[in-house]
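# Sequence first, then the predicted structure:
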Amino acid sequence: MAPPRRGGADPVLAVMHRHRAMVAGAVDAWEIAAGLEACGVNDGEARRLRHRDVFGLAEELYARVPRAGRVAAPGEPAAGGAWLGGRTVAVHLLPGAGCVLAARFPAAAAPAAVLAAVALWAALRGGPLRIAHGAGAATWTYGLLGFALYGPQAVTALAGRGRFDTGAGTAAFAALALGLLPAAALARWFAVAARAQLGPSHGLADFADAVRPRLAAALAGHAAVQTALLLAAAVAGSAPLAGPAALGVLLFTARLLAVHGHAATAAAALAAACAAEALTLVLAAAPGHLAPPGGTAEAAACGAAALVLAARAFRLLARAAAHRPPLAGRH
C-alpha cells in the first residue's frame, strides 16, 4: 500500500474528507470499496487518485481514517455464516406448514391460514429475507399471492367456463409457502458468497465477474427446488405448475433485489405483473370474454416480469455497492 500523502499534493485527501463518516464506520476495507462504488467512485476515478482500482483506494482510506464503532442490523450474516440457525429454520418452515394444513384439512383452514400469515410476517421481519423498507413491494406481493390462490378460478368463473372453486389453488399455494425456507437459505448463501469475493477481487469488473455465476446458481437453485415442490403438490393432488413456478422465481428475484438495496426496482416489476393479472380479470368479465385461461395469464405475467427482473439483478447485484453490510438506522 502506498504511504500516506499529506498536504495539498495529496490526491486522496478530498475523498477522505468527503466520505469520512462512511469510512470510519466500516468494518474493513472491502466495505469501504462497496461504499465508494455506491457514491459513484469507479476504478477510473481511483486510478486518477494514483491507485490501481477502488479496492486499492479503499485500503488506504481504511488505514488513514480512525475506526468508529458500528452496530450490526438484525439479520446481518456474520462472516462465514452461510448456514441458517435452528430458530430461523423453524420460523421459515411455519408458513408452509400452515398452508399444508389448510390444504389437507379444509375444516381447519381458517386457523391454519392465520398461523401461516403470522408465521410469514415473523419470517420476513428477520433473517436473510428481511428488508428495512419495502411496503410497496409487500403490497404487490399480496396481490400476486391472492391471484395465485384464487385468480385462475375467478377467471374461469367470470368467463363462464366453469364454477369458482375456492380450494383449487391451495396445493400450489402450499408449495410456494414451503419454498420460503430454501429461498432464505439461498439468499443467505448468496449474500455470504458475494461478500467473500470482495477480498480476492482486483477491481469492480473482477468482482462482478465473480458474483454473477453465484447469482445464477442461487436463482437456478431456487427455481429447481420450487419446481420440485410444485411437482410433489401435483402428484398429491391437482396443482398447476407453470404459473406458480414463474411466480416463485419472480418473488425470489424481487426479494433478493430488495434485500440488497433495490426495493423500488423489485416493487416496479411486481406491480407490473399484478397489473397484468388484474387486466386478465377485467377481460374475463368483459363481453366476449377475451381473457386467456387464468393459469396461462399468471405464467405469462409472472414469467415476463421475472425475466426482466433477473436481467436487472445480474447488473445491480454484481456491484460491490449491493453487498454493503446493513447498519442499524441505514435505509
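That came through, no problem. Residues are numbered from 1 along each chain as shown.

# What is the subsequent helix or strand relative to the strand or helix carrying Leu149?
For Leu149, the element it lies in under DSSP states H and E is helix 135-158. Beyond helix 135-158 in the direction of the C-terminus, DSSP H and E gives the next helix or strand as helix 170-178.

# middle-most residue in this protein, spatially?
For the chain, the residue lying nearest the average C-alpha position, counting by CA atoms, centre = their mean, turns out to be Leu256 (1.6 Å).

# In this structure it contacts Leu316, no?
No - under the criterion of CB atoms under 8 Å, Leu256 lies out of contact with Leu316, with a separation of 9.7 Å. Backbone N, C-alpha and C define where each C-beta goes, glycine included.

# pLDDT at Leu307, what is it?
Here, the pLDDT recorded for Leu307 equals 96.

# List the residues that contact it.
The neighbourhood of Leu307, defined by CB atoms under 8 Å, 6 or more residues apart in numbering, contains no residues.

# now it: how far from Pro128?
With distances taken as CB to CB, to the nearest Å, Leu307 is found 24 Å from Pro128.

# Just the buried residues of the lengthiest helix in the chain, please?
What stands out as the longest helix in the chain, according to DSSP state H, is helix 204-236. Neighbour counts over helix 204-236 (16 or more other CB atoms under 10 Å) mark 204, 207-208, 210-212, 214-215, 218-219, 221-223, 225-227, 229-230, 233-234 as buried.

# Okay, angle between it and helix 170-178 too, please.
Between the direction of helix 204-236 and that of helix 170-178, the angle (axes from the mean of the first three to the mean of the last three CA atoms, to 10 degrees) works out to 150 degrees.

# quick check: mean pLDDT across helix 204-236?
On average, the pLDDT along helix 204-236 is 91.

# for it, packing partners?
Packing partners of helix 204-236 (3 or more CB pairs under 8 Å, 6 or more residues apart in numbering; DSSP states H and E): helix 170-178, helix 180-196, helix 242-259, helix 294-316.

# With Leu281 as the reference, name the closest of those helices.
With respect to Leu281, and counting by CB to CB, the nearest of these is helix 294-316 at 8.6 Å.

# buried residues in that closest one?
Along helix 294-316, these residues count as buried under the neighbour rule (16+ other CB under 10 Å): 294-306, 308-310, 312-313, 316.

# quick one: that helix to helix 135-158, angle?
With the same axes, to 10 degrees as the basis, helix 294-316 and helix 135-158 are set at 160 degrees to each other.

# and helix 294-316, how far from the chain's centre?
What separates the centre of helix 294-316 from the centre of its chain is 14 Å, taken as CA atoms, centre = their mean, to the nearest Å.

# now do stretch 240-254
Distance of stretch 240-254 from the chain centroid (CA atoms, centre = their mean) equals 13 Å.

# Let me see the domain layout of the protein.
Dividing the chain into domains by automatic domain parsing, as the record does, gives the ranges 13-64, 134-323.

# can you redo those domains as TSV with distance to Thr88?
Rendered in TSV, the data for these read as follows (distance: least, CB to CB, whole Å):
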stretch	distance to Thr88
domain 13-64	22
domain 134-323	7
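
# Compare those domains and give me the one nearest Val89.
Closest among those, once you apply CB to CB, is domain 134-323, at 6.5 Å.

# ok, Ala264 to Glu59 distance?
Between Ala264 and Glu59 the distance is 32 Å, computed by CB to CB.

# what does Arg195 give?
17 Å.

# ditto for Phe314
With CB to CB as the criterion, Phe314 and Glu59 are 28 Å apart.

# what's the answer for Val192, then?
With CB to CB as the criterion, Val192 and Glu59 are 22 Å apart.

# Same question for Ala175.
47 Å.

# Worst mean pLDDT among the domains of the chain?
Of all the domains of the chain, domain 13-64 has the smallest average pLDDT, which comes to a mean of 78.

# Between the two ends of that one, what distance do you get?
Domain 13-64 stretches 10 Å from its first residue to its last (CA to CA, to the nearest Å).

# Now do it: distance to the chain's middle.
Using CA atoms, centre = their mean, the mean C-alpha position of domain 13-64 is found 27 Å from that of the whole chain.
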